[in-house]
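A.B. asks: Generate a structure from the sequence data that follows.
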Amino acid sequence: MNFSTFRLAMTHPVHPEWEALGGSIQLRDGNGDEVPAMVRVKGNRITVDPCVVEDPRECGSKDDVLDTSQTYTLQLENLASLNSPQTDRFSHEFTFTPRETGPTVVPVSYTHLRAHET
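C.D. replies: Below you'll find the model as predicted:
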């Protein structure tokens, strides 16, 4: 299991119409292909939650994990600031390789002891 959601806190709030103003937020795999993801921007917070399973109803399931053998790039391009949307723009790329984090549940086995009858 790995945790694939990205949560970023910006120093300035992002303009609520950042897309209409020419901004983009994309997650790309090692081949440069876009990885489907839900992107949420509210104030200075950006959340990118990839969904790599075929059925969207399975997003967030144990099978919905990024491939630990690939390198991914999170691209933030031309994001407009709420404070000065025409001049203050942010662009940056984060490159990473997800790690296997192991199970988050530890199985416990209970042994039932029987009292001896005398």
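A.B. asks: which residues in this protein form helices?
C.D. replies: Secondary structure of the chain (DSSP state H): no helices located.
A.B. asks: where are the low-confidence patches of it?
C.D. replies: Scanning the chain with the threshold set as pLDDT under 70 gives 1-3, 101-118.
A.B. asks: now Ser84: how far from Pro13?
C.D. replies: 11 Å (Cβ to Cβ, to the nearest Å). C-beta here means a position set from N, CA and C on the backbone, and glycine is covered the same way.
A.B. asks: Sorry, wrong one. I was asking about Val48.
C.D. replies: 17 Å.
A.B. asks: These two: which has the busier surroundings?
C.D. replies: Val48 (21 against 14; other Cβ atoms under 10 Å).
A.B. asks: I'd say that one and Ser24 touch.
C.D. replies: No - counting by Cβ atoms under 8 Å, Val48 stays clear of Ser24, with 11.6 Å between them.
A.B. asks: who's Met38 bridged to?
C.D. replies: Beta-bridge partners of Met38, counted by DSSP bridges, are Asp49.
A.B. asks: residues in contact with it?
C.D. replies: Neighbour list for Met38: Thr47, Val48, Asp49, Cys51, Cys59 [criterion: Cβ atoms under 8 Å, 6 or more residues apart in numbering].
A.B. asks: which stretches of the protein form strands?
C.D. replies: Assigned by DSSP state E, the strands in the chain fall at 6-9, 24-28, 37-42, 45-50, 72-80, 89-96.
A.B. asks: Quick one, which of these gets closest to Asp64.
C.D. replies: Judged by Cβ to Cβ, the one of these that comes nearest to Asp64 is strand 45-50, at 7.8 Å.
A.B. asks: residues near His15, how many?
C.D. replies: Other residues close to His15 by other Cβ under 10 Å number 21.
A.B. asks: Same check on Phe90?
C.D. replies: Residues contacting Phe90 under the criterion other Cβ under 10 Å number 16.
A.B. asks: mind listing what it touches?
C.D. replies: Counting by Cβ under 8 Å, 6+ apart, Phe90 touches Met10, His12, Val14, Leu76, Asn78, Leu79, Ser81.
A.B. asks: Thank you kindly, that will do.
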